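Participant: missing the sequence, but the structure's below:
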Ligand SMILES: [Zn+2]
């Protein structure tokens, strides 16, 4: 079977039993029309063969309206549960660990910030406003991401510079990235890593850095590329699975860390 190619992506709306349902329509080189619900993104995807007409696609959705409406009802409930208000008991991730948020009201601005107490992430704040608390958390995440990812990059670059051709010339950028964990730009000799990788454990962070370092030697995802990656990060499949299964869903749920994601 050849590579699956997406020819066109469209945001569409269909009326099912009086309800307007949004979905993302993807035309691909596939044989059959399929529907996919991505709970963590709260999105309905419809994948259609490239030559299918809108009439044919809408007919299919009408025929499967029971399942679609059921999912919409469930996913709306889920979304409600996941709203972040920065109050006690909300779940957060840092370096692959789960923490429960605990708000600690302090008197002085100098005492504001984040500390840890067993499984609790303690947010010390002088004010109750949601946006104010969000900013304290965002600042903390951003600083720790900058520090840890830089350290790991330096460590791995030094360790593998003799094994991966060209890698020693590369420098690091850490910034907000929407759809990727990392990026390798051979023209500017830079590797860019997303802030949001800080939610994942060190092993996952290292995997993304190694993946991008391997691109210094091999541009595409060819066999040669995977032989490099497999040699330097033998458990890369497990790392990739963890990022997709545990970290990505969390990122889709939090709207709070504005400049991080
Ligand atoms: Zn890659």
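Facilitator: Perfect, I can see it now. Predicted model, so just to flag it, every value in this text is computed and none were measured.
Participant: contacts and neighbour counts: CA atoms only from here.
Facilitator: Will do.
Participant: can I see the domain layout of this protein?
Facilitator: 6-82, 92-253 (automatic domain parsing).
Participant: Wait, a helix at residue 107?
Facilitator: No - assigned with DSSP: H, G, I helix; E, B strand; the rest coil, residue 107 falls outside any helix and is coil.
Participant: hang on, it packs against residue 126?
Facilitator: Yes - Residue 107 is within contact range of residue 126, at 5.6 Å (criterion: CA atoms under 8 Å).
Participant: on that earlier part again, could I get the domains of the chain in TSV, plus columns for mean pLDDT?
Facilitator: Output for the domains of the chain, formatted as TSV (pLDDT from 0 to 100):
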stretch	mean pLDDT
domain 6-82	86
domain 92-253	94
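Participant: Pick the most buried one from the ones you listed.
Facilitator: domain 92-253 (a mean of 17; mean count of other CA atoms under 10 Å).
Participant: now that one, how far from the centre of its chain.
Facilitator: Its chain's C-alpha centre lies 11 Å from the corresponding centre of domain 92-253 when counted by CA atoms, centre = their mean, to the nearest Å.
Participant: end to end, how far does it reach?
Facilitator: 10 Å (CA to CA, to the nearest Å).
Participant: In the stretch 151-261 of the chain, what residue spans correspond to strands?
Facilitator: Ranges of strands in the stretch 151-261 of the chain, per DSSP state E, counting those that start in this stretch, are 171-175, 182-185, 190-194.
Participant: Does residue 106 touch residue 125 like I think?
Facilitator: Yes - counting by CA under 8 Å, residue 125 is a contact partner of residue 106 at 5.6 Å.
Participant: Quickly list what's touching both of those two.
Facilitator: When contacts are counted by CA atoms under 8 Å, 6 or more residues apart in numbering, residue 106 and residue 125 have residue 112 as shared neighbours.
Participant: any chance of the strands of the stretch 151-261 of the chain in JSON lines, plus distance to residue 211?
Facilitator: Listed next are the strands of the stretch 151-261 of the chain as JSON lines, based on distance: least, CA to CA, whole Å:
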{"stretch": "strand 171-175", "distance to residue 211": "14"}
{"stretch": "strand 182-185", "distance to residue 211": "8"}
{"stretch": "strand 190-194", "distance to residue 211": "10"}
